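[1] below are the sequence and a predicted model for it; my questions follow.
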Amino acid sequence: MRNKIRQLMLSGVMIFAMILSLNAEVTVSERDVSEVEGIKRIMVKNEYYEMELVPLGAQVVSFKTKYSDRPWLWSGSKGVYDSGHMFMDNFQGQVSPGGELCFIKHDYTIVQKGPEKVEIKFQAPTKEKMRYEKTYLFESGSPVVSVKLLLANESKNVITHGLWPKFDIHVSGIKEKNRYYRPYERGVMVTGWDPEMQKNEGEPFLQTPYEGWTAALQDDEKEGFVCLLDYNWLKWLYNCHPFWTVEWFYDDVPLPPEKNWATEYNFILVKGFENIAYASPVIVAGMVMWEKDGAVEISHTLMRSLAGELKGVKLTGKLKEVDNNVTHDLPVLEAGDINWDPKTVSQQVKVNPDIRLACEVALTGVGSDGKEFKHTYEYYWPGKSGEKFNLVAGCNLATYYRKPPKKIKEYLKPKDLAYKLNLPPRALEFRGPGFSKMRVMEAAARAGIREFNGAYFIFNWSGGTLDKVPTSFEEMFSYDLLIVNGVNAMSLTDFGLEATKEFVKQGGALLVIGGFYAYGAGGYADTALEEMLPVKLSGKMPDLERLAKPSPLEVGKEAQCLKGTEVGKKGLCYWVHSLTPKEGANVEITAGGKPFLVCGAYGKGRVAAICSGPFGNPQKGETPYWDDPQWVDVMTKVIDWLVFKDIKKF
């Protein structure tokens, strides 16, 4: 009898295991559709989702999850052309959804057909003879879709593009309940539907992402997704609220001939989350804080990410009072094993719920590889009463701030990249407010620069842009002098900064001029500009300081390129940036005892920093230095020293 019971039990276990194994399969199939629909549709299913992909744009045009039967994408009258889309790609600068990648027909190969994995590779040529590849990977028992993107330059020219993935999506099929999550320097930016205004509210662009992820949830179902991205190449996060989109932009990538650029992102379905506070290849975490019985309740929801099941997970936290730097150590929370099914743990803290708080979490455990891991993240709560509001500035006070981590990436350089003086010599000026007062163009012409180009700076929602920045090393090296005249570092773009650094290192010339968007206020800290400059930043914000009294310019005691030069007796300086000369640099000019012009070397090149700008309030009878008749002579000598390096001119 016992043996029969045991056999029945074993049979039951085997049948249950077989059912699980059947449910855990991932399958792929194809069906023919009309030309309007894209000729073919490719159906992929596992126990978490079912979706259809089309060769037009290598994108997903239908999507459902196991949690509900509502479609996440809508169907239009023109087939895929006016329907909702997921995993749609585009090039920056091309109109979406009209860009060439959106509906270009891809060849495709089903590399693996299941039951454990399905892999589908799409590829298509672009207009500029570049091969674009997109590879999807689906696995059984996994709510993850992995996407690999490849750009391969098969032309003889440098091609520069930034990729732009896009999801037009109604999460869980109910768009009005969609909410979007993006990490930035003040915590997590949450935008979405405002029931009172009856529209989506919030900032569409996020120019300073703090980490490589973005997410969307549907409030009622607590269902949604997280996308893990490569932070090092991430430029902006974006949600187009009128069209319910989740999008992001990668940095422009200049590809030399026969070079490739690749990246990967992962789409992870989530369920049971009130919000998303942090995401990484190891963990997806939500954190909620609220007032309860005069204290603060903290709840954590955790789910494994890409790296496998997690064992013995613990959360060690600190609660920081943002306004007064008081810190409360929190009891350790035991979360145990974490898999795809989310787990929630909570604790209560006796602290004033009306104040701004930041909860710092150290999450530890053992990964599927048997190794211990530790991840740290923070969640900012503005307190029961919300943010303080500045009536004068008309905005919330930035009481909580964390500096985004530095991006680490390497741009592909052409073979045998080297600088040599161009004939005729050329200059490019990045022009900020009041640039013309410094009379750089006039001085450059006197020094022997025969071609002078300008790029104009606009400070707007993006934090500052220039209408022209070189997009390849070859273009950057076609100049001999770069002038950064009162613009911020962001406007030069990550590639522009890297190319400028390489240009100067190889022997090019750089002139940096101050202004309201320069040096400290220009975000030069921790950039290539700071590295190349012959001066150290003070760390003050802002770093502009008014001189005790308007002061004339004087040649420095250790001057080299301006030694013995008259710099004008009438011209006065009113403001200077608080900057300190680096070791080995020469203070060529002072104003009121402060460094005004500092020159130095970087690699084989030369760099000059003017620690002021054309601003002040000249009184009657006063002449600002930039209007002094000898100012152009001074600038001419500086440019001659920078560019021609004491060599005989052509």
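    Here it is on my side, so go on. Numbers count the residues shown, from 1 in each chain.

[2] which stretches in the stretch 1-150 of the chain count as strands?
    Using DSSP state E, counting those that start in this stretch, the strands of the stretch 1-150 of the chain run over 27-32, 40-45, 49-54, 59-65, 107-113, 117-125, 130-139, 144-153.

[3] what's the span of stretch 169-187, first residue to last?
    Counting by CA to CA, to the nearest Å, you get 25 Å between the two ends of stretch 169-187.

[4] which parts of it are buried?
    Neighbour counts over stretch 169-187 (16 or more other CB atoms under 10 Å) mark 169-184, 186-187 as buried. Where you see a C-beta, it was placed from the backbone N, CA and C, and this is true even at glycine.

[5] what's the per-residue pLDDT of residue 459 here?
    Residue 459 is assigned 76 on the pLDDT scale.

[6] measure it to residue 533 for me?
    Using CB to CB, to the nearest Å, residue 459 is found at 21 Å from residue 533.

[7] with residue 469 instead?
    19 Å.

[8] which of those two has more neighbours?
    Neighbour count, other CB atoms under 10 Å: between residue 469 and residue 533, residue 533 has more, with 25 against 20.

[9] test my guess that the more buried one contacts residue 607.
    Yes - under the criterion of CB atoms under 8 Å, residue 533 makes contact with residue 607 at 6.4 Å.

[10] give me the common contacts of those two.
    Common neighbours of residue 533 and residue 607 (criterion: CB atoms under 8 Å, 6 or more residues apart in numbering): 512, 600.

[11] point out where the stretch 251-400 of the chain drops to low pLDDT.
    By pLDDT under 70, the weakly predicted segments of the stretch 251-400 of the chain are 385-398.

[12] now the strands for it?
    253-255, 260-271, 278-279, 283-292, 295-304, 310-321, 327-329, 333-338, 343-349, 357-366, 372-381, 389-390, 395-396.

[13] could you single out the most deeply buried of the ones you listed?
    Comparing these by mean neighbour count (mean count of other CB atoms under 10 Å), strand 278-279 ranks first with a mean of 25.

[14] coming back round to it: can you redo the strands of the stretch 1-150 of the chain as TSV with mean pLDDT, mean neighbour count and distance to residue 522?
    Listed next are those as TSV, based on pLDDT from 0 to 100; neighbours: other CB atoms under 10 Å; distance: least, CB to CB, whole Å:
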stretch	mean pLDDT	mean neighbour count	distance to residue 522
strand 27-32	95	13	51
strand 40-45	95	18	48
strand 49-54	96	23	45
strand 59-65	95	23	39
strand 107-113	97	14	47
strand 117-125	97	19	41
strand 130-139	97	20	34
strand 144-153	98	19	31
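
[15] flag the shaky bits of the stretch 401-550 of the chain, pLDDT-wise.
    Along the stretch 401-550 of the chain, the parts satisfying pLDDT under 70 run over 461-462.

[16] try 90 this time
    Scanning the stretch 401-550 of the chain for pLDDT under 90 picks out the ranges 401-404, 406, 413-417, 458-465, 539-542.

[17] out of the strands of the stretch 1-150 of the chain, which comes closest to residue 425?
    Between residue 425 and the strands of the stretch 1-150 of the chain, the tightest spacing by CB to CB is seen for strand 144-153, at 30.1 Å.

[18] ok now the closest one, how far from the chain's centre?
    Centroid displacement of strand 144-153 relative to its chain, using CA atoms, centre = their mean, to the nearest Å, is 18 Å.

[19] over to stretch 316-329?
    Centroid separation for stretch 316-329 versus its chain: 28 Å, with CA atoms, centre = their mean.

[20] do stretch 284-294 as well
    Offset of stretch 284-294 from its chain centre (CA atoms, centre = their mean): 28 Å.

[21] need the residues that contact it.
    Identification of contacts with stretch 284-294 by CB under 8 Å, 6+ apart yields 226, 268, 270, 273-279, 296-305, 342, 348, 353-354, 357, 359, 361, 363, 377, 379, 381, 384.

[22] so which residue is smack in the middle of the chain?
    Geometric centre of the chain, nearest residue: residue 235, 3.2 Å, by CA atoms, centre = their mean.

[23] just the CA trace of the helix or strand encompassing it, in CSV.
    Under DSSP states H and E, the secondary-structure element containing residue 235 is strand 234-238. Below are the C-alpha coordinates for strand 234-238, written out as CSV (Å, rounded to 0.1, in the frame of the first residue of the first chain):
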residue,chain,number,x,y,z
LEU,A,234,23.0,56.8,-22.5
LYS,A,235,22.4,60.4,-23.4
TRP,A,236,18.8,61.2,-22.4
LEU,A,237,15.7,59.5,-21.1
TYR,A,238,12.4,60.6,-22.6
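
[24] partner strands of the helix or strand just after it, with direction?
    Once the chain leaves strand 234-238, the next helix or strand it forms, by DSSP H and E, is strand 245-250. Strand 245-250 sits in its sheet next to strand 166-168 (antiparallel), strand 234-238 (antiparallel), going by DSSP bridges.

[25] any idea of the mean pLDDT in the longest one?
    Averaging pLDDT along strand 234-238 gives 95.

[26] now the angle from that strand to strand 260-271?
    For strand 234-238 against strand 260-271, the angle by axes from the mean of the first three to the mean of the last three CA atoms, to 10 degrees is 40 degrees.

[27] quick one: strand 234-238 to chain centroid distance?
    Chain-centre distance of strand 234-238: 5 Å, with CA atoms, centre = their mean.

[28] may I see the buried residues of it?
    So, applying 16+ other CB under 10 Å, buried residues of strand 234-238: 234-238.

[29] quick one: which of the strands of the stretch 1-150 of the chain is nearest residue 565?
    Here strand 144-153 is closest among the strands of the stretch 1-150 of the chain (CB to CB), at 48.5 Å.

[30] quick one, that closest one and strand 49-54 angle?
    Interaxial angle, strand 144-153 versus strand 49-54 (the same axes, to 10 degrees): 20 degrees.

[31] following strand 144-153, which helix or strand comes up?
    Next in sequence after strand 144-153, counting helices and strands by DSSP H and E, comes strand 159-161.

[32] which helices and strands does that following strand pack with?
    strand 253-255 (3 or more CB pairs under 8 Å, 6 or more residues apart in numbering; DSSP states H and E).

[33] list of residues touching the strand it packs on?
    Counting by CB under 8 Å, 6+ apart, 130, 151, 153, 158-162, 233, 261, 411-412, 471-473, 495 sit against strand 253-255.
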